[in-house]
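# Could you work out the structure for the sequence below:
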Amino acid sequence: MTASKPTNVLEGNLASEPKYRQANSEKQARIVFRVVHNERYFDRQSQQWLDGRKTTVDVSFYGPAADGIAKKMNDHPDIFVKGAKVIAFGEVAEPGAYLSDDGQPRSRMAMLGRRIVPDQIANAERALNAQRKDAMQWMTAAPAVTPVAQAAPGQTYVGDFAAPLM
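A predicted model of the protein is given here:
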């Protein structure tokens, strides 16, 4: 008989650069990805997209898994960067407790990661949209002032000077 493990899937953006701690004599290697998921919905009344609930989860990998991910990140430094869309698989872990800046106790959801991959389709679409936006800004930018535009009414631009029209 085989045992089954519940697996959770989390899609979101990296809220910060992953934090890697190398193994030492007391602790095993660890890498933590902070993943944020923002729910959005379309409000028919205002005809606008609105932000809904924001969920932040720390996805942690330990031991050889953490070392393997860190090696891949060194080989491909542009994959797991702040803002990148990722898909993480793992088990729900005990929430991380901490004190906020004002001294109030808080907690953050946590996941013991089994696998994390970049959402290549979403990241490619984001890059393409950024290229399109840059191209549109370039195409719609006002042209630089040219000597032709500086010619006074009744004059035409010829060579390096404006001459009267004949």
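# host element of Tyr20?
Assigned by DSSP states H and E, Tyr20 falls within strand 19-21.
# ok, now Ala70?
Once you assign secondary structure using DSSP H and E, Ala70 falls within helix 63-75.
# Show me which residues of the following helix or strand past that helix are buried.
Past helix 63-75, further along toward the C-terminus, the next helix or strand under DSSP H and E is strand 85-99. Taking 16 or more other C-beta atoms under 10 Å as the neighbour-count basis, strand 85-99 is seen to contain the buried residues 85-88, 90. Every residue, glycine included, has its C-beta placed from N, CA and C.
# okay, the most centrally placed residue in the chain: pLDDT?
With distances taken as C-alpha atoms, centre = their mean, the residue of the chain nearest its centroid is Gly83 (1.4 Å). With respect to pLDDT, Gly83 scores 93.
# Check whether it really touches Asn13, as I assumed.
Yes - between Gly83 and Asn13 a contact is recorded at 5.7 Å, counting by C-beta atoms under 8 Å.
# that older thread, list just the nearest of the buried residues of strand 85-99 to Leu50.
The nearest member of the buried residues of strand 85-99 to Leu50, counting by C-beta to C-beta, is Lys85 at 20.3 Å.
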